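S.K.: return a 3D structure for these sequence lines:
(chains A and B)
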2 protein chains.
Amino acid sequence: MPKIVDHDERRLELVDATWRIIARLGIEGATMREIALEAGFANGALKPYFPTKDTLLELAFGHVFNRTNQRIAEVTEGRTGLPALRAFCLEVLPLDDERVNEARIVIPFWQKAINDPQKAEIHRQSMEEWLAAIRQYLAEARDAGDVRSAVDDATLASQLLNMLLGAQIEAALAPAGITDFGHARQLEGYLALLGGQPA
Amino acid sequence: MPKIVDHDERRLELVDATWRIIARLGIEGATMREIALEAGFANGALKPYFPTKDTLLELAFGHVFNRTNQRIAEVTEGRTGLPALRAFCLEVLPLDDERVNEARIVIPFWQKAINDPQKAEIHRQSMEEWLAAIRQYLAEARDAGDVRSAVDDATLASQLLNMLLGAQIEAALAPAGITDFGHARQLEGYLALLGGQPA
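M.R.: You can find the predicted model right below:
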């Protein structure tokens, strides 16, 4: 009797393995051979699932982004305004090993995207979704009196998103073992600025 | 009579050529062959100057960083406080083609630095210099009454630096031809937040 194989399951295993290898060895070290080894596949068994390393990378990035979004959905559930905005940002910021690892995969993706319009488009669509969420939280926070700056929400949202992206770079390039970059304090400081309260 | 060759000059030509090639073709496209072609060197003539592509990349990044710092020194000369901070940030932000190109070289460098402690250290030292400059401008701006937030200068400086880094990603991944990302408005909005004036 032939073994029943869940192909979606196996694709996900491969994506997870890819993600671990990129975080550990960098994108240059993530050969199809290393990925197969990490996932417990025979060398060459990846081809039916992912004909090229590039398609695998695209899916691996999508997977990281989806997982981040799942966590965001969980932590923002039932929240609006400033509490939702805080929860969103705390989830995106590289505040633990798992998310520092995510930063280590997103930077190789950005590098690829510079000369690959399809990947750049994936990035832009993701960022558009995040900007829309941030703008909504800001509008709610403004209604609640938690945002009192004269600066418009679209500008604030873009500032904050760039701050979150910059934090990924700081975390990904830090020596191994460092996980506190003061990002939580930066976020609280920024939210305090939005309240417009002078010293 | 042997031709007199200015080796420093030739190294700089090669670095410039590398920089143009990376901006145009991406780091994968920047082979030693392409770089030699771009610089008008015979294939193989690069070796005495740069034994590996990696040493060339390191110098190319250093060159971009030095050039940015030269421009910063020019625009901040004779300025202190908020005007100096504004000038600094406007120089780092990718507000024209040249600086969008610079963003397109810095992201491949970051990607390399993730798994290369020496490159990561170059990045961290550069960022430490910038943070120190930003903190000094903030302290001066606070003395002048232009910064009235209760948030401390070190936290503000880290926020702002991450915002500047995030802006590089946005610019580098944008479709060719787009040069206005609203970064100047983001900066003005952020400086207004520092003043702590509610709407």
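S.K.: helices of chain A, start to end?
M.R.: Taking DSSP state H as the test, the helices found in chain A are A:7-29, A:32-39, A:53-76, A:81-92, A:97-114, A:117-143, A:153-172, A:183-195.
S.K.: these: which one's closest to B:F65?
M.R.: Closest to B:F65 of the helices of chain A is helix A:153-172 (C-beta to C-beta; 14.5 Å). All C-beta atoms are positioned from the backbone trio N, CA, C, and that covers glycine.
S.K.: and the angle from the closest one to helix A:183-195?
M.R.: Relative orientation of helix A:153-172 versus helix A:183-195 (axes from the mean of the first three to the mean of the last three C-alpha atoms, to 10 degrees): 170 degrees.
S.K.: packing partners for helix A:153-172?
M.R.: In terms of contacts (3 or more C-beta pairs under 8 Å, 6 or more residues apart in numbering or on different chains; DSSP states H and E), helix A:153-172 is packed against helix A:81-92, helix A:97-114, helix A:117-143, helix A:183-195, helix B:97-114, helix B:153-172, helix B:183-195.
S.K.: tell me which of these is the most buried.
M.R.: helix B:153-172 (a mean of 24; mean count of other C-beta atoms under 10 Å in any protein chain shown).
S.K.: low-confidence ranges in chain A?
M.R.: Residue ranges of chain A with pLDDT under 70: A:1-5, A:197-199.
S.K.: one more time with 90
M.R.: Counting by pLDDT under 90, chain A has low-confidence residues at A:1-36, A:39-67, A:97-106, A:108-109, A:112, A:115-119, A:122, A:175-180, A:195-199.
S.K.: need the residue closest to the centroid of it.
M.R.: A:F65 (4.9 Å; C-alpha atoms, centre = their mean).
S.K.: can you pull the contacts of A:I114?
M.R.: Residues in contact with A:I114 (C-beta atoms under 8 Å, 6 or more residues apart in numbering or on different chains) are A:120, B:26, B:104, B:107-108, B:172-173.
S.K.: can you do 7 Å?
M.R.: B:26, B:104, B:107, B:172-173 (C-beta atoms under 7 Å, 6 or more residues apart in numbering or on different chains).
S.K.: how close does it get to A:R185?
M.R.: From A:I114 across to A:R185, the span is 31 Å (C-beta to C-beta, to the nearest Å).
S.K.: same question for A:K119.
M.R.: 33 Å.
S.K.: what's the answer for A:A157, then?
M.R.: Applying C-beta to C-beta to A:A157 and A:R185 gives a distance of 21 Å.
S.K.: and for A:P51?
M.R.: Taken as C-beta to C-beta, the span from A:P51 to A:R185 is 46 Å.
S.K.: next one: A:W110
M.R.: Separation of A:W110 from A:R185 (C-beta to C-beta): 25 Å.
S.K.: for A:L191, same thing?
M.R.: 11 Å.
S.K.: same check on A:L46?
M.R.: A:L46 is 43 Å from A:R185, by C-beta to C-beta.
S.K.: so what's A:V92 up against?
M.R.: Contacts of A:V92 (C-beta under 7 Å, 6+ apart): A:68, A:164.
S.K.: that one and A:F41, how far apart?
M.R.: 32 Å.
S.K.: same check on A:D143?
M.R.: For A:D143 relative to A:F41 (C-beta to C-beta), the value is 52 Å.
S.K.: now A:A103
M.R.: 27 Å.
S.K.: what do you get for A:T18?
M.R.: Counting by C-beta to C-beta - A:T18 and A:F41 are separated by 11 Å.
S.K.: please apply the same query to A:L161.
M.R.: Distance, A:L161 to A:F41, by C-beta to C-beta: 37 Å.
S.K.: for A:V147, same thing?
M.R.: 50 Å.
S.K.: the more surrounded of those two?
M.R.: Neighbours were counted for A:V147 and for A:F41 using other C-beta atoms under 10 Å in any protein chain shown; A:V147 has more, 25 against 17.
S.K.: doesn't A:L138 make contact with the more buried one?
M.R.: Yes - using C-beta atoms under 7 Å, A:V147 is in contact with A:L138, at 5.8 Å.
S.K.: ok, which of the helices and strands packed on helix A:153-172 comes nearest A:L165?
M.R.: Closest among these, using C-beta to C-beta: helix B:153-172, at 3.5 Å.
S.K.: now do that closest one against helix B:7-29, angle only.
M.R.: Using the same axes, to 10 degrees: helix B:153-172 against helix B:7-29 is 70 degrees.
S.K.: how far does helix B:153-172 sit from the chain's center?
M.R.: Helix B:153-172 sits 12 Å away from the centroid of its parent chain (C-alpha atoms, centre = their mean, to the nearest Å).
S.K.: CA atoms of that helix as PDB?
M.R.: Extracted in PDB, the C-alpha atoms of helix B:153-172 (Å, rounded to 0.1, in the frame of the first residue of the first chain):
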ATOM      1  CA  ASP B 153      17.100  61.800  24.600                       C
ATOM      2  CA  ALA B 154      18.600  58.400  24.400                       C
ATOM      3  CA  THR B 155      15.200  56.800  23.700                       C
ATOM      4  CA  LEU B 156      14.300  59.600  21.200                       C
ATOM      5  CA  ALA B 157      17.600  59.100  19.400                       C
ATOM      6  CA  SER B 158      17.000  55.400  19.000                       C
ATOM      7  CA  GLN B 159      13.500  55.900  17.800                       C
ATOM      8  CA  LEU B 160      14.700  58.400  15.200                       C
ATOM      9  CA  LEU B 161      17.600  56.300  14.000                       C
ATOM     10  CA  ASN B 162      15.300  53.300  13.500                       C
ATOM     11  CA  MET B 163      12.900  55.500  11.600                       C
ATOM     12  CA  LEU B 164      15.800  56.600   9.300                       C
ATOM     13  CA  LEU B 165      16.800  53.000   8.800                       C
ATOM     14  CA  GLY B 166      13.200  51.900   8.000                       C
ATOM     15  CA  ALA B 167      13.000  54.600   5.400                       C
ATOM     16  CA  GLN B 168      15.900  53.100   3.600                       C
ATOM     17  CA  ILE B 169      14.000  49.800   3.200                       C
ATOM     18  CA  GLU B 170      10.900  51.600   1.900                       C
ATOM     19  CA  ALA B 171      12.900  53.500  -0.700                       C
ATOM     20  CA  ALA B 172      15.100  50.600  -1.800                       C
END
